[in-house]
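[1] Got a predicted model here, sequence first, then my questions.
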Amino acid sequence: MRAMNYRGPKRIRIEEKPMPEILHPQDAIVRVVRSCICGSDLHLYNGNVPDTRVGSTFGHEFVGVVEELGIGVRNLKIGDTVIVPFNISCGECVFCKQELYGNCQEANPQSSAVGGIFGYSHMAGGYDGGQAEYVRVPYADVGPTKVPKGIDLDDAVLLTDVVPTGYQAAEMGGIQKGDTVVVFGAGPIGIMAAKCAWLFGAGRVIVIDHVEYRLEFAKNYANCEVYNFRSMKDPVQAIKKLTDDLGADVCIDAVGAEAAGNAFHTITGRKLLLQAGSATALEWAINSVKKGGIVSIVGVYGPTGNFVPVGNIVNKGITIRANQASVKRLLPKLIRHVQNGIISPRELITHRLPLEEVADAYRIFSDKLDNCIKTVLIPSA
Ligand code: NAD
Ligand code: ZN
């Protein structure tokens, strides 16, 4: 089969790989029909995730058709089209029982931190991902959900990650009626978090980024205020000014570890060559939330170079909430929101490319070319 293949930082290509096989009675083999590239893939692409091995296939956001089933699978039939959550979860361990499906112990027993994730390095279990014609889906009775009525394939693929992660970012913010919410990052996740902040009763939603076309998109899609941090001398002071000198009630970090060259420093207001893995947006979030406020982090961080102003967290009495999204927990509610037109995820998709063009697709998304918000690969019809 054809599959995306990692060769090293910023080096990927399409290659022939062996077909995945059923390795366990609870496995399914899925023929992929839509597969997205995520901001999380950029951490892998840039070589910032430990134990990302040459030869691996990325892709944790996909929908597809069930082609083969292990003898133990009860809930699926051959031919079903399924939404596959990006978290791999057993449904039985102590964490899955608490609906912390992103923290499943069984899917990635080597780690006491992250659970299993499709196509996300050996740090997250070493599973191959769905930027391929076919993919093996473990615990097939637990995660995969049949694409329901009123949900098309483009909506469905964004329900594997973007919608639940944006929603959970807002949910973890504990937004109260009338709150001012500041979202850092106008990528797909930040845009969706801004959209969802209104569902929790926000009174004002502000999105910060430095890519103009993304800010424009966020403003239209999520009906929020937007600011370019390059035009702010000091983003933290600017946010204070916008919030009666108190700071925001809730700040959401939808940036994570920035790729080298993206970093921007609070004090000098100039672009600095900070190391990949720096946490400027998180620093801004902590420093611009009001005393007693909440910082919700969905941005993904690597182990190196993270700068967190712990002193300010303590002195300001901030609550920090963070996690990988628990997709399975949120799916039933979010499917209804899409069916009822409350959220229209597919509008985020700006680019559709065949799987064969995966290298170009990464470049366009990573370099923010051609007004790209979200890219979908189409391996087969
Ligand atoms: P993306 O790369 O498309 O978007 C990130 C945006 O942040 C870009 O538009 C960039 O210009 C902007 N940015 C960079 N530095 C900034 C700064 N200092 N302040 C404000 N904005 C800044 O990525 P995405 O797909 O939207 O994902 C966002 C983050 O969420 C990534 O770290 C990704 O790994 C993470 N993520 C987490 C989960 C989860 O379950 N927790 C799921 C999906 C994605
Ligand atoms: Zn993702």
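    Happy to help now that I have it. Ligands and ions are numbered 1, 2, ... in the order given.
[2] Flag every residue of the stretch 51-200 of the chain that's near ligand 2.
    Glu61, Asp161 (CB under 5 Å from the ion). Bear in mind the C-beta positions are built from the backbone N, C-alpha and C, glycine included.
[3] In the stretch 51-200 of the chain, what residue spans correspond to helices?
    With helices called from DSSP state H, counting those that start in this stretch, the stretch 51-200 of the chain shows them at 94-97, 153-158, 162-172, 188-199.
[4] can you redo these as JSON lines with distance to Cys36 and mean pLDDT?
    Listed next are these as JSON lines, based on distance: least, CB to CB, whole Å; pLDDT from 0 to 100:
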{"stretch": "helix 94-97", "distance to Cys36": "24", "mean pLDDT": "97"}
{"stretch": "helix 153-158", "distance to Cys36": "6", "mean pLDDT": "98"}
{"stretch": "helix 162-172", "distance to Cys36": "8", "mean pLDDT": "98"}
{"stretch": "helix 188-199", "distance to Cys36": "8", "mean pLDDT": "98"}
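[5] where does Val314 land on pLDDT?
    On pLDDT, Val314 comes in at 89.
[6] Sorry, wrong one. I was asking about Gly178.
    Predicted confidence (pLDDT) for Gly178: 98.
[7] ok, now Phe307?
    For Phe307, pLDDT reads 62.
[8] picking that back up, from the helices of the stretch 51-200 of the chain, which stretch is densest packed?
    helix 188-199 (a mean of 28; mean count of other CB atoms under 10 Å).
[9] Secondary structure class of the closest residue in space to Cys224 that isn't next to it in sequence, three-state.
    Using CB to CB, 6 or more residues apart in numbering and skipping the chain neighbours, the partner closest in space to Cys224 is Val205 (4.0 Å). Here Val205 is strand, with the state taken from DSSP: H, G, I helix; E, B strand; the rest coil.
[10] bridging residues for Val205?
    Val205 has the following beta-bridge partners by DSSP bridges: Val181.
[11] Report pLDDT for it.
    For Val205, pLDDT reads 98.
[12] From Trp198, how far out is it?
    Going from Val205 to Trp198 by CB to CB, to the nearest Å gives 6 Å.
[13] Which residues are in contact with each of the two?
    Counting by CB atoms under 8 Å, 6 or more residues apart in numbering, the contacts common to Val205 and Trp198 are Ala222, Asn223.
[14] just to revisit the earlier point, for the helices of the stretch 51-200 of the chain, give me a markdown table that also has distance to Glu216.
    Shown next, in a markdown table, are those (distance: least, CB to CB, whole Å):
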| stretch | distance to Glu216 |
| --- | --- |
| helix 94-97 | 40 |
| helix 153-158 | 20 |
| helix 162-172 | 18 |
| helix 188-199 | 11 |
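[15] With distance to ligand 1 added, can I get those helices in JSON lines?
    Below are the helices of the stretch 51-200 of the chain laid out as JSON lines (distance: least, CB to the nearest ligand atom, whole Å):
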{"stretch": "helix 94-97", "distance to ligand 1": "15"}
{"stretch": "helix 153-158", "distance to ligand 1": "11"}
{"stretch": "helix 162-172", "distance to ligand 1": "4"}
{"stretch": "helix 188-199", "distance to ligand 1": "4"}
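[16] For ligand 2, what is the nearest residue in this structure?
    Cys38 (2.7 Å; CB to the ion).
[17] I'd assumed His60 was in contact with that residue.
    Yes. Using CB atoms under 8 Å, Cys38 is in contact with His60, at 6.7 Å.
[18] Give the residues shared as contacts by these two.
    By CB under 8 Å, 6+ apart, the residues touching both Cys38 and His60 are Asp161.
[19] For those two, indicate the residue with more neighbours.
    The residue with more neighbours, out of Cys38 and His60, is His60; 29 against 26, by other CB atoms under 10 Å.
[20] Got the phi and psi for that one?
    Dihedral pair for His60: phi -120, psi 0, per degrees, to the nearest 10.
[21] And it, how far from Asp128?
    11 Å.
[22] for the protein, where's the lowest mean pLDDT among helices and strands?
    Sorting the helices and strands of the chain by mean pLDDT, DSSP states H and E puts helix 310-316 at the bottom, at a mean of 86.
[23] now it, how far from the centre of its chain.
    With CA atoms, centre = their mean, to the nearest Å as the basis, helix 310-316 stands 27 Å off its chain's centre.
[24] Which helix or strand contains Ala202?
    Assigned by DSSP states H and E, Ala202 belongs to no helix or strand.
[25] correction: Ser296
    strand 289-297.
[26] could I have that strand exported to PDB, CA atoms only?
    The C-alpha trace of strand 289-297 is given here as PDB (Å, rounded to 0.1, in the frame of the first residue of the first chain):
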ATOM      1  CA  VAL A 289      -4.600  35.800  32.900                       C
ATOM      2  CA  LYS A 290      -6.000  37.700  35.900                       C
ATOM      3  CA  LYS A 291      -5.300  36.700  39.500                       C
ATOM      4  CA  GLY A 292      -7.200  33.600  40.300                       C
ATOM      5  CA  GLY A 293      -7.800  32.900  36.600                       C
ATOM      6  CA  ILE A 294      -7.600  29.700  34.700                       C
ATOM      7  CA  VAL A 295      -5.000  28.700  32.000                       C
ATOM      8  CA  SER A 296      -6.100  25.800  29.800                       C
ATOM      9  CA  ILE A 297      -3.300  24.200  27.800                       C
END
